[in-house]
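**Q** model this:
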Amino acid sequence: MAANMPVDDDITVSGLYVYPVKSCRGIRVKSAAVSELGLELDRFWIISSPDRQQVTQRGISKMSMILPRLEIGEGEDCVVAEALTSPPGKDGNDIPPSALPSIPSDAYGRGGRLILNAPNMPPLVIPFRPRAELTKNSGESRITVWTWDVAGVDEGEEAAAWLQDFLGVPARLWVKANTVRDLPVNHTPARALFSHEPQTAFADVFPFLMLSEASVADIESRIKQRNAEIYKDNPITHVSVINFRPNIVISSPQMKPWAEDDFLQISINHTHDMYIASRCTRCVMPTNNPFTGIFHKNEPTATLMTFRRVDAGAKYKACVGMNVVAATHGWTLSVGDTLQVRSQQAGIHHQDGIWNGKDVPDPVIKRDANGDEAPPPPSPSPKQPTAFTVIWVASAVMAIILPPLFAQWVEHYDVI
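**A** Numbering: from 1, shown residues only. Predicted structure coming up:
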């Protein structure tokens, strides 16, 4: 393990977030069950256009103003989980983890409801369906999430009307159907390392996004410096961990910013293994203020582009956070859990993929023991021709050239 890395048990899970509806406001939780898809109910619903193309904050920034509320179960056992109203620790939002909700296993199967709230809108109540309605051939359709067509079940006309009223464009709400959405093989370790088929729901690509507090603090520090130098009259105040929409936030007194860039395999509480698939390349979404739904013209993207273009496979994109896949499911991830780094390698991650369905990563860029890019192997020296080859080639050339010359000489001097 690198000398600048914390010892085992010194890294802890300091924050957990679930985003029930893709691209809408997130919920801060104390714990959440880990399912085959990721954290329970994370990105379990999605909003689409009428032609079933995903709709996100990239195109409609006010989606961040849709606040999901989960009511899981019934009666005294009902678990209520509500969306954030401000960044943790700011504006009085200093709720201790012990007071936060916990998302149980098979949350959807327990029954309950998803409730959507938005400014100047009545609540939209979406009851959880019987599991049988989410199985194949139960009215499912395919929603396009980037290059994937993901199976979902339409949540109906009332939801569509509510979304159109708030967003100002026709839209529909879908819940994830019980079909497998595979992960890209180039970013996924061997199937034998998993207890289940690696998959996710409506997330962009991967089931988990992990980010360290040290990295967020580094971003905030750089934003503060740019405020002093560039944005004196209009300082940037909207940047926090919430801009980057992580599921897992980790911290350690010894952890340097961006140390997570080099992680390959981690473990939770020495028991539950997780693999780091790739870096997360960032789009324009972090520039949207998650609590007002208003895009900033430049930040934090402009700052990130000055120092986080770190992936050779994505030279023109800033990277923040690491995409993660859990080796097993059926366990609970909690704030306060310890994290162990099982393996890491400096500079190994690459957007072209390093896993390719193998047990161990296969680096796209080979590096030396110090993490520096290793020079390519020298080209083999060309073989020197042997004496036999030289004589054979010379003879062939002479056999082609001499007969015509000899014939011309005979004709000219009439020697025969």
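**Q** Look at the closest residue in space to residue 258 that isn't next to it in sequence and give its secondary structure.
**A** Excluding its sequence neighbours, the residue lying closest to residue 258 (Cβ to Cβ, 6 or more residues apart in numbering) is residue 215, at 5.3 Å. The C-beta positions use only the backbone N, C-alpha and C, and glycine is treated the same way. Three-state assignment for residue 215 (DSSP: H, G, I helix; E, B strand; the rest coil): helix.
**Q** wait, residue 215 sits on residue 257?
**A** Yes - under the criterion of Cβ atoms under 8 Å, residue 215 makes contact with residue 257 at 4.8 Å.
**Q** and these two? which has more neighbours close in?
**A** Remark: of residue 215 and residue 257, residue 215 carries more neighbours, 25 against 16, as counted by other Cβ atoms under 10 Å.
**Q** Residue 186 belongs to a strand, doesn't it?
**A** No - applying three-state DSSP, one finds residue 186 to be helix, outside a strand.
**Q** gap between residue 140 and residue 151?
**A** Distance of residue 140 to residue 151, given as Cβ to Cβ, to the nearest Å: 5 Å.
**Q** of those two, who's got more company?
**A** Neighbour count, other Cβ under 10 Å: between residue 140 and residue 151, residue 140 has more, with 21 against 17.
**Q** which residue sits closest to the more buried one in space, ignoring its chain neighbours?
**A** What sits nearest to residue 140 in space, not counting adjacent residues and going by Cβ to Cβ, 6+ apart, is residue 177, at 4.2 Å.
**Q** check contacts around the closest residue to residue 45 other than its chain neighbours.
**A** Nearest residue to residue 45, sequence neighbours excluded (Cβ to Cβ, 6+ apart): residue 21, at 4.4 Å. Applying Cβ atoms under 8 Å, 6 or more residues apart in numbering, we find residue 21 in contact with 43-47, 66, 68, 114, 116, 173.
**Q** likewise residue 70?
**A** Residue 70 neighbours (Cβ under 8 Å, 6+ apart): 20, 27, 41, 79-82, 101, 103, 107, 112-115.
**Q** where along the stretch 1-150 of the chain do the strands fall?
**A** Per DSSP state E, counting those that start in this stretch, the stretch 1-150 of the chain carries strands over the ranges 11-18, 27-29, 31-35, 38-39, 45-48, 67-72, 79-82, 102-103, 112-117, 124-127, 140-145, 148-154.
**Q** how about low-confidence regions in the protein?
**A** Counting by pLDDT under 70, the chain has low-confidence residues at 1-9, 90-93, 136-139, 366-390, 392-394, 396-416.
**Q** Scan it for its longest strand.
**A** In the chain, assigned by DSSP state E, the strand with the most residues is strand 272-281.
**Q** In that strand, which of the residues would be classed as buried?
**A** Residues of strand 272-281 classed as buried by neighbour count (16 or more other Cβ atoms under 10 Å): 272-281.
**Q** Thought residue 242 was touching residue 87, still the case?
**A** Yes - counting by Cβ under 8 Å, residue 87 touches residue 242, with 5.2 Å between them.
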